[in-house]
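1. sequence-free structure coming up:
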């Protein structure tokens, strides 16, 4: 099997790392939801050796993730957990932060709801949720390229699509997550940060 590869991961890993460095403290454990190819896990794990990075994804993606992890040989990056946000209970893991990149727009809205509420249940007070990807604002896309991307997603699968920032923030608030920051990223993407402050509603 050849290692899977995502050009998007290569393009965005540097800017994402700059934000992660501001939020992730030495000794913390990060659960990555939807590790995909495994590229982000290997890069962030290598750049943040004091952070434990727990990969996760649905089982069909595990073989590719393991190829990246085995080649890198990083002691702080853990082999993938089986995690489908729609299937409860989630795999048992203690995490101080949750990170997910380019997942919300390829999930159904029901899955986005399940992911955010699951993160709210998983994190203890002070825990962080960091979500990267494209978002619209009050139903308006931030660029023509995002509008075209959204249309292509919905043509491929009507359940997919770029999510509205305000709707995701409302989900997070209901899950006990307080909005911290909305960071502009390259290629019309964003990185949104929340902190767990209360029990889910």
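-> Received, thanks. Bear in mind that the values here come from a model prediction, so they are computed numbers and not experimental data.
2. Can you name the residues in contact with the longest helix seen in the chain?
-> In the chain, with assignment by DSSP state H, the single longest helix is helix 7-23. With CB atoms under 8 Å, 6 or more residues apart in numbering as the test, helix 7-23 has contacts from 36-37, 39-40, 43-44, 47-48, 97, 99, 101-102, 128, 130, 132, 183, 185-187, 189, 191, 193. Yep, even glycine has a C-beta here, placed from its N, CA and C like the rest.
3. In strands only, show me these.
-> Members of the contacts of helix 7-23 lying in strands (criterion: DSSP state E): 97, 99, 101, 128, 130, 132, 183, 185, 189, 191, 193.
4. what ranges do the helices span in this structure?
-> 7-23, 39-47, 62-72, 109-122, 144-156, 165-174.
5. wait, which of the ones you listed is closest to residue 1?
-> helix 62-72 (6.0 Å; CB to CB).
6. Next, the angle helix 39-47 makes with the closest one.
-> Here helix 62-72 runs at an angle of 30 degrees relative to helix 39-47 (axes from the mean of the first three to the mean of the last three CA atoms, to 10 degrees).
7. Show me the shaky parts of this protein.
-> By pLDDT under 70, the weakly predicted segments of the chain are 201.
8. hang on, the earlier thing: just say which of the helices of the chain is most tucked in.
-> Counting by mean count of other CB atoms under 10 Å, helix 39-47 has the highest mean neighbour count of those, with a mean of 22.
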